[in-house]
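Colleague: sequence and predicted structure are below.
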Amino acid sequence: MKYQKIYDVLHRHPKLHVNDQSYWHSGQSGYIAAIRPLTLIIEAPEAGLRIWVNHENGKYSISAADMTFSCNSCEYHQSFRRYPCRNQTETAEKLEGLLLKKRGDNHAAI
């Protein structure tokens, strides 16, 4: 399976809420499917994070925000962190690390 390492991390954390908007497994083709094959939106209540995992234009990245703040608050927007990753392995490792954080550790960790 494409992106197996990333999906393996998700399967190890059953309490996640995952919105998989990826094109790679949909069978769709076209410009957007080609440049943005992987898009995951993850809510991790135990870590207190909302996480986006992307493979876009050949680059992997993870973004995370503290979901304990209101989405409309300044604190929520200030909590956003972006992590560029070199490859799928590094992306899976960073995702695992974020998911293992406890809710109170987020401000220092993300």
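Modeller: Sure thing, it's come through.

Colleague: so where do the helices sit in the chain?
Modeller: If DSSP state H is used as the criterion, the helices of the chain fall at 4-11, 31-35, 74-78, 88-100, 106-109.

Colleague: return the distance of the third one from the chain's centre.
Modeller: Relative to the mean C-alpha coordinate of its chain, helix 74-78 is positioned 18 Å out (CA atoms, centre = their mean, to the nearest Å).

Colleague: what comes up buried for it?
Modeller: Going by neighbour count (16 or more other CB atoms under 10 Å), the buried part of helix 74-78 is Tyr76. (Each C-beta comes from the backbone N, C-alpha and C, glycine too.)

Colleague: which helices and strands does it pack with?
Modeller: Judged by 3 or more CB pairs under 8 Å, 6 or more residues apart in numbering; DSSP states H and E, the packing partners of helix 74-78 are strand 59-66.

Colleague: go on, the first one?
Modeller: With contacts defined as 3+ CB pairs under 8 Å, 6+ apart, helix 4-11 has these neighbours: strand 38-44, helix 88-100.

Colleague: please repeat the previous calculation with a cut-off of 6 Å.
Modeller: Helix 4-11 is packed against helix 88-100, with contacts defined by 3 or more CB pairs under 6 Å, 6 or more residues apart in numbering; DSSP states H and E.

Colleague: how about the nearest residue to Thr39, chain neighbours excluded?
Modeller: Take Thr39 and drop its neighbours on the chain: the residue closest to it by CB to CB, 6 or more residues apart in numbering is Gln21, 4.3 Å away.

Colleague: now the one you found: phi and psi?
Modeller: Gln21 adopts backbone torsions of phi -110, psi 30, taken as degrees, to the nearest 10.

Colleague: picking that back up, same list (the helices of the chain) but as CSV, adding distance to Trp52 and mean pLDDT.
Modeller: Shown next, in CSV, are the helices of the chain (distance: least, CB to CB, whole Å; pLDDT from 0 to 100):
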stretch, distance to Trp52, mean pLDDT
helix 4-11, 12, 97
helix 31-35, 16, 78
helix 74-78, 14, 96
helix 88-100, 10, 97
helix 106-109, 15, 47
